[in-house]
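In: here is a sequence with its predicted model. Questions after.
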Amino acid sequence: MKLFNYPFILAAVLLFGSCTIQQKLPKYLEGATNESINKQIQFPELVIQKNDQLAIQVYSDYLPKDPNPDLLYNQPLPGGGAAGMGSTASNTTSTASGYLVDGDGNIDFPRLGKIHAEGLTKKQLEAEIKKRLVTPVELLKNPTVLIRFQTYKIITVGEFTNPQVLNIPTEKVNIFEAIAMSGGITEWGKKEEVKIIREQDGKREMGVVNLSSADIFSSPYYFLRQNDILLVDPVNDKAKANDEARTLRRFTFATSMISAAAVITSVIISASRK
């Protein structure tokens with residue numbers, strides 16, 4: 001009987017060994033206190049990038065009895081209305097899908113032509129469009145320009161419960177929100193070495209943040225930007241734990257087979273003695 005107990009003992013050792021490894025994994029904001037996280041919040045100003053899709057609306061002062069001149073500078077909405085005005089638009093080359101920032105960093109704006117948008121903030125692009133609407137000729141009276149990002153996505157890759165492309169409905173999201181929307185980091189994810197791949201000024205850069213430290217709140221990567229990629233690698237012990245789990249399953253199967261064989265043998269021996 002001692003021989004049959006050996007697989008059970010070895011399986012128990014493997015099981016407790018795996019649990020010990022998991023208990024050592026870092027947690028979110030370990031040791032953080034109110035003093036360590038009470039920092040001034042600074043929201044980053046988003047910068048327009050190539051392939052961004054922008055929604056742009058133009059409003060101005062005009063007399064109700066006159067034709068609405070804003071229609072010439074607004075995109076048509078689904079259903080035939082112009083943005084914000086509810087009338088049929090005409091003489092526009094844009095579509096209802098927004099203004100795409102092309103490979104040269106430009107948008108093609110109705111009646112104003114190409115405008116360079118890459119590298120500008122929304123406020124800067126609004127100011128540029130407004131300037132072109134009033135100089136050198138006043139095309140609209142007291143124009144107001146409103147811009148929003150139509151495509152604001154974050155990509156999560158690696159040790160997430162549900163890695164995916166996140167379409168953010170607002171223009172502000174922090175790293176914890178993105179992680180939560182992806183189902184959280186798995187028990188094997190490196191919370192202390194989360195990588196953020198970011199495109200900025202036509203170049204790609206990578207930052208590394210530690211979610212176990214309160215320093216994350218002062219990191220330039222705490223608030224995410226459009227097209228950021230979050231990458232979480234597995235801890236080194238994951239492969240070892242997977243091997244141990246496979247070994248445990250094999251031993252469990254082998255133990256079951258041995259136990260079944262022992263029962264059958266015992267039944268046969270008992271029957272033969274009778």
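Out: Cool, the structure landed.

In: is the residue nearest to residue 229 when sequence neighbours are not counted in a helix, a strand, or coil?
Out: Sequence neighbours aside, residue 197 is the residue nearest to residue 229 in space, at 4.1 Å (criterion: Cβ to Cβ, 6 or more residues apart in numbering). To be clear about C-beta, it is placed using only N, CA and C from the backbone, and glycine gets the same treatment. Three-state assignment for residue 197 (DSSP: H, G, I helix; E, B strand; the rest coil): strand.

In: do I have it right that residue 197 meets residue 206?
Out: Yes. With contact defined as Cβ atoms under 8 Å, residue 197 counts as touching residue 206 (5.1 Å).

In: between those two, which has more neighbouring residues?
Out: Each of residue 197 and residue 206 has its neighbours counted (other Cβ atoms under 10 Å); residue 197 has more, 15 against 11.

In: ok, back up a step: list the contacts of the residue nearest to residue 229.
Out: Going by Cβ atoms under 8 Å, 6 or more residues apart in numbering, residue 197 touches 204-206, 228-229, 231.

In: could you do residue 133 as well?
Out: Counting by Cβ under 8 Å, 6+ apart, residue 133 touches 58, 60, 73, 112, 139-140, 143, 145.

In: try 6 Å
Out: Residue 133 sits next to 139-140, 143 when contact means Cβ atoms under 6 Å, 6 or more residues apart in numbering.

In: check the secondary structure at it for me.
Out: Residue 133 - assigned by three-state DSSP - is helix.

In: tally up the residues packed near residue 109, please.
Out: Residue 109: 22 neighbours (other Cβ under 10 Å).

In: in the stretch 51-200 of the chain, where is pLDDT below threshold?
Out: Within the stretch 51-200 of the chain, the stretches with pLDDT under 70 are 63-66, 76-97.

In: can you give me the strands in it?
Out: For the stretch 51-200 of the chain, the strands defined by DSSP state E, counting those that start in this stretch cover 53-59, 99-100, 106-109, 113-116, 144-149, 153-158, 165-167, 194-200.

In: closest one to residue 127 among these?
Out: Among those, strand 144-149 comes nearest to residue 127, with 8.0 Å by Cβ to Cβ.

In: what's the angle from that closest one to strand 53-59?
Out: 160 degrees (axes from the mean of the first three to the mean of the last three Cα atoms, to 10 degrees).

In: okay, buried residues for strand 144-149 please.
Out: 145, 147, 149 (16 or more other Cβ atoms under 10 Å).

In: excluding residues flanking it in the chain, which one is nearest the first one?
Out: The one in question is residue 145. Using Cβ to Cβ, 6+ apart and skipping residues adjacent in sequence, the residue nearest residue 145 is residue 126, 4.3 Å away.
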